[in-house]
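>>> Please work out how this folds:
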Amino acid sequence: YLLQKIARAVVGTNNIDQTRADEKYWPVTEVMGERLGFPASTASLAEIGRAGCVFVVDADPAVSHPVLARRIWQALRHGARIIVAGSEETDLFRYAHVALRHQPGTTDVLLNGILRMVFDGEMADPTSVADRCEGVEELTASLNSFDPAMVSEATGVSTEELLKAALLYASGGRRGIDVH
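Okay, the predicted model is just below:
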């Protein structure tokens, strides 16, 4: 749900990718099915390959989805910026423009904190948000408790790195999100 809101509000897209549906990831797949009407990716691999910014969250596409990994490398070769967030370091961390190594179990806090920074910094395009989102006021109100200092303390990621990720993602052109 949160990533759908980020995709629509910040990115200006309805495209979210989630490729694994085993028991560990079933809740994410279920929410995607409820919110998006389809329990898997709504973005094509070609779109990921043409993205200006790719945000990989808790994933190692080289291991779990090699075809997707190839598209991410394609995007990199064409100038895309890569943000990687995870509690376990993967090979993709070495190539990331912003690498957010957070504490296990704090992904939701990290993403909420980045989203709050985007809204607080007025980085989201108001026209895109109005055209693609419902309940924006409720969403922004729900982010009030995700103060950057609290997010940094909870996740172990500095406020500077959180801000870099928010700025890069908000200004990244066509974007893709990969969630595992």
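>>> Look at Gly105 and say how many residues are nearby.
As a burial measure, Gly105 scores 10 neighbours (other Cβ atoms under 10 Å). All C-beta atoms are positioned from the backbone trio N, CA, C, and that covers glycine.
>>> distance of the nearest residue to it once chain neighbours are set aside from Gly79?
Spatial nearest neighbour of Gly105, chain neighbours left out: Ser87 (7.6 Å); criterion: Cβ to Cβ, 6 or more residues apart in numbering. With the distance defined as Cβ to Cβ, to the nearest Å, Ser87 ends up 28 Å from Gly79.
>>> Compare those two (neighbour count), which wins?
Ser87 (16 against 8).
>>> Quick check: mean pLDDT of the helix ranked longest in the chain?
The helix that spans the most residues within the chain, counting by DSSP state H, is helix 107-120. What helix 107-120 shows for mean pLDDT is 89.
>>> List the contacts of it.
2-3, 5-6, 9-10, 57-58, 85, 87, 100, 102, 123-124, 139-140, 143-144, 146-148, 150-152, 154-155, 157, 162-163, 165-166, 169-170 (Cβ atoms under 8 Å, 6 or more residues apart in numbering).
>>> Tell me where the chain has strands.
In the chain, the strands defined using DSSP state E lie at 17-18, 53-57, 81-86, 98-101, 175-179.
>>> What's the per-residue pLDDT of His102 here?
Turning to His102, the model gives it a pLDDT of 95.
>>> Test my guess that it contacts Ser87.
Yes - using Cβ atoms under 8 Å, His102 is in contact with Ser87, at 5.7 Å.
>>> Find residues that contact each of these two.
Common neighbours of His102 and Ser87 are not found (criterion: Cβ under 8 Å, 6+ apart).
>>> which residues in the protein form helices?
Ranges of helices in the chain, per DSSP H, are 2-6, 26-36, 45-49, 61-64, 66-77, 107-120, 126-132, 136-142, 148-155, 159-170.
>>> which one of these has the lowest average pLDDT?
Of all those, helix 26-36 has the smallest average pLDDT, which comes to a mean of 48.
>>> Could you measure from the nearest residue to Leu68 once chain neighbours are set aside over to Pro126?
The spatially closest residue to Leu68, leaving aside those adjacent along the chain, is Pro61, at 4.6 Å (Cβ to Cβ, 6+ apart). Per Cβ to Cβ, Pro61 is found 32 Å from Pro126.
>>> you'd agree the residue nearest to Leu68 is up against Ala69?
Yes - using Cβ under 8 Å, Pro61 makes contact with Ala69 at a distance of 3.9 Å.
>>> what's the spacing between the residue nearest to Gly105 and Gly156?
In this view, Ser87 and Gly156 are 9 Å apart by Cβ to Cβ.
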